[in-house]
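1. turn this into a model:
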Amino acid sequence: MTSGDITFHTRKWVRPEDLNANGTLFGGSLLRWIDEEAAIYAIVQLGNGNAVTKYMSEINFVSSAVQGDLIEMGLTATHFGRTSLTMRAEVRNMFTRESILTIEKIVFVNLDDDGLPAPHGYTSITYDRDRVPYQHLGTAGR
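-> A predicted model of the protein is given here:
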């Protein structure tokens, strides 16, 4: 993971509740974290809290993490479609510096108020907060 390739990253601390029966990071926990971070990234990039996960390509775990490890998840936008945003994810163990997994393609779709795919009008990554929705979805329409 190089800083030139990754435009958004976050870190997680592996805790006891994140472990599988073998004492290593449970893949389901990691995928939940990736999906959540990808959703946040999509909301910021598309300016719409109604963005949903459409697709994740093959996931290949190449190493793991244990309790107490810090992992870093990185995302970058690779393509803006008419109604979608495609991104790439990479996760590494910050202590061992080993890659844990790479997901080459995660696709989010921008939805309108009726839950249908809607054009978002963007073609490039933003680094400022201009696209962040001005209200929380839970308060919309109140």
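2. how much space separates the residue nearest to the spatial centre of the chain from Lys12?
-> The residue lying closest to the centre of the chain (Cα atoms, centre = their mean) is Ala38, at 1.9 Å. Relative to Lys12, Ala38 is positioned 14 Å away (Cβ to Cβ, to the nearest Å). The way it works is simple: take the backbone N, C-alpha and C, and place the C-beta from them, glycine included.
3. so the residue nearest to the centre of the chain makes contact with Ala51?
-> No. Taking Cβ atoms under 8 Å as the definition, Ala38 is not a contact partner of Ala51, at 9.3 Å.
4. can you check which residues contact both of those two?
-> Overlap of the contact sets of Ala38 and Ala51 (by Cβ atoms under 8 Å, 6 or more residues apart in numbering) consists of Phe108.
5. so which residues of this structure form helices?
-> According to DSSP state H, the chain carries its helices in the segments 27-46.
6. strands of that one, start to end?
-> Under the criterion DSSP state E, the chain contains strands at 8-13, 51-56, 60-61, 70-80, 84-93, 99-110.
7. report the buried residues of the longest one.
-> With burial defined by 16 or more other Cβ atoms under 10 Å, the residues of strand 99-110 counted as buried are Ile100, Leu101, Thr102, Ile103, Ile106, Val107, Phe108, Val109, Asn110.
8. quick one: strands adjacent to it?
-> strand 51-56 (antiparallel), strand 60-61 (antiparallel), strand 84-93 (antiparallel) (DSSP bridges).
9. ranking the ones you listed by burial, who's on top?
-> The highest average neighbour count among the strands paired with strand 99-110, using mean count of other Cβ atoms under 10 Å, belongs to strand 84-93 at a mean of 22.
10. give me the number of residues near Gly81?
-> Gly81 has 16 neighbours, counted by other Cβ atoms under 10 Å.
11. likewise for Glu17?
-> Neighbour count for Glu17, taken as other Cβ under 10 Å: 8.
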